[in-house]
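Asks: Make a model of this:
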Amino acid sequence: MLLTILGCSGSLPGPQGPASGYLVEADGYRIALELGNGVLASLQAHCDPFSLDALLFSHLHPDHCADFTTLTVMRRYHTDPPHDTTEHRLPVHGPSDAPQRFARAYAENAEELRTADLSDVFEFHAFTAEPCHVGPFEITAARVDHPCEAYGFRIATENASLAFTGDSGPCDSLRTLASGVDVLLSEATWTHSDDRPPGTHLSGVQAGELATAAGVGRLLLTHIAPWTDPEAVLAEARSTFAGPVELARQGHKYAVDEPAVRVIGGHGN
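Replies: Predicted structure coming up:
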């Protein structure tokens, strides 16, 4: 399993990088997690967006889904697509209101919104309690603690496992999703403080505590806000998790199913 960081800036794009977006590959299959501001441009540097086998959204805040409208333009109006996108619709797995949310974002005005239907080029699926399958991937989604309908993921193949927190405060479902995984890709938006709003995000301290409680192999910190010192977040996580911890870097590729999650290469910000 190969994880590519397409964007990792928390809450909004940063000065040198896109917001949230990740590419996960195994056995010739590709799934994208999130498509935040600027991520579609980053995705094109790594693969043809038409080659995606599925797209997953943890929730529908703009820093996680803003580029969906531009992907719609690509799938509807590309003059030379590799296949008929109405016959090969892209599966989109996300919160229950994703079709309506994306239609509102795409429609130019109220008149267009009345007839907006993006299911001509997308196939929408709401998360349920049952895992879904895309090629070699088994994807388990569970509700997490955020101010909207939001999910964390466990993505597993026969040889590797990856957990992604999405955006969340500490909660039991995160520990369940992350239990024993090779790599935990955890948000860590801010440094720790008792006056942070509850049910919103994790600090570096809390990301490390989650990794320890879940017994994960390695911890990758992502979704750090542009106004937060990433080195301070990293130091916090290392204070509460004794295993390997590092900052996710835009453009880097990580081999999830190797004992040491090797950085294959890429360009950082």
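Asks: Not counting its neighbours along the chain, what's nearest residue 99?
Replies: Nearest in space to residue 99, with sequence neighbours left out and distances taken as CB to CB, 6 or more residues apart in numbering, is residue 124 at 4.8 Å. Glycine gets a C-beta too; all of them are placed from N, C-alpha and C.
Asks: do the same with residue 254
Replies: Nearest to residue 254 is residue 3, by CB to CB, 6+ apart, at 4.5 Å.
Asks: Was I right to think the one you found contacts residue 185?
Replies: Yes - between residue 3 and residue 185 there is a contact under CB atoms under 8 Å: 7.1 Å.
Asks: more neighbours, those two?
Replies: residue 185 (29 against 25; other CB atoms under 10 Å).
Asks: For stretch 182-191, give the mean pLDDT please.
Replies: Here stretch 182-191 scores 97 as its mean pLDDT.
Asks: ah, wrong one, I meant stretch 242-259
Replies: 92.
Asks: same deal with stretch 196-210?
Replies: On average, stretch 196-210 scores 96.
Asks: The residue nearest to residue 99: how many residues sit nearby?
Replies: 17.
Asks: again, but for residue 123
Replies: Residue 123: 12 neighbours (other CB under 10 Å).
Asks: How about the contacts made by it?
Replies: Residue 123 is in contact with 89, 90, 91, 92, counting by CB atoms under 8 Å, 6 or more residues apart in numbering.
Asks: Now for the residues you listed, which sits with the most neighbours around it?
Replies: Busiest of the contacts of residue 123 [other CB under 10 Å] is residue 92, holding 24 neighbours.
Asks: What is whichever strand or helix holds that one packed up against?
Replies: Assigned by DSSP states H and E, residue 92 falls within strand 90-94. The contact analysis (3 or more CB pairs under 8 Å, 6 or more residues apart in numbering; DSSP states H and E) places strand 90-94 against strand 54-56, strand 122-126.
Asks: can you rerun that using 10 Å?
Replies: Strand 90-94 sits against strand 29-33, strand 54-56, helix 68-77, helix 98-106, strand 122-126, strand 132-134, strand 137-143, strand 151-156, with contacts defined as 3 or more CB pairs under 10 Å, 6 or more residues apart in numbering; DSSP states H and E.
Asks: Need the three-state assignment for residue 239.
Replies: helix (DSSP: H, G, I helix; E, B strand; the rest coil).
Asks: Contacts only, for it.
Replies: Listed by CB atoms under 10 Å, 6 or more residues apart in numbering, the contact partners of residue 239 are 192, 204, 205, 208, 209, 245.
Asks: rewinding a little: dig out what the residue nearest to residue 254 forms beta bridges with.
Replies: Residue 3 forms beta bridges with residue 24, residue 254, as assigned by DSSP bridges.
Asks: Assess the claim that it and residue 21 are in contact.
Replies: No - in this structure residue 3 lies outside contact range of residue 21 using CB atoms under 10 Å: 11.6 Å.
Asks: Overlap of the contact sets of the two?
Replies: What both residue 3 and residue 21 touch, as defined by CB under 10 Å, 6+ apart, is the set residue 33.
Asks: thinking again about what came up before, got the angle for the strand holding residue 92 vs strand 137-143?
Replies: For strand 90-94 against strand 137-143, the angle by axes from the mean of the first three to the mean of the last three CA atoms, to 10 degrees is 30 degrees.
Asks: Could I get the contacting residues of residue 161?
Replies: Contacts of residue 161 by CB under 10 Å, 6+ apart are 1, 138, 154-155, 177-184, 216-217, 256-257.
Asks: if we go to 6 Å?
Replies: 181, 182 (CB atoms under 6 Å, 6 or more residues apart in numbering).
Asks: quick thing: my sequence starts at 37, can you match it?
Replies: Yes, from this point I'll number from 37; that puts the last item at residue 197.
Asks: Any figure for the gap between it and residue 189?
Replies: 11 Å (CB to CB, to the nearest Å).
Asks: Likewise for residue 127?
Replies: Residue 127 is 15 Å from residue 189, by CB to CB.
Asks: Next: residue 241.
Replies: 23 Å.
Asks: Show me which of these two is the more surrounded one.
Replies: residue 189 (24 against 19).
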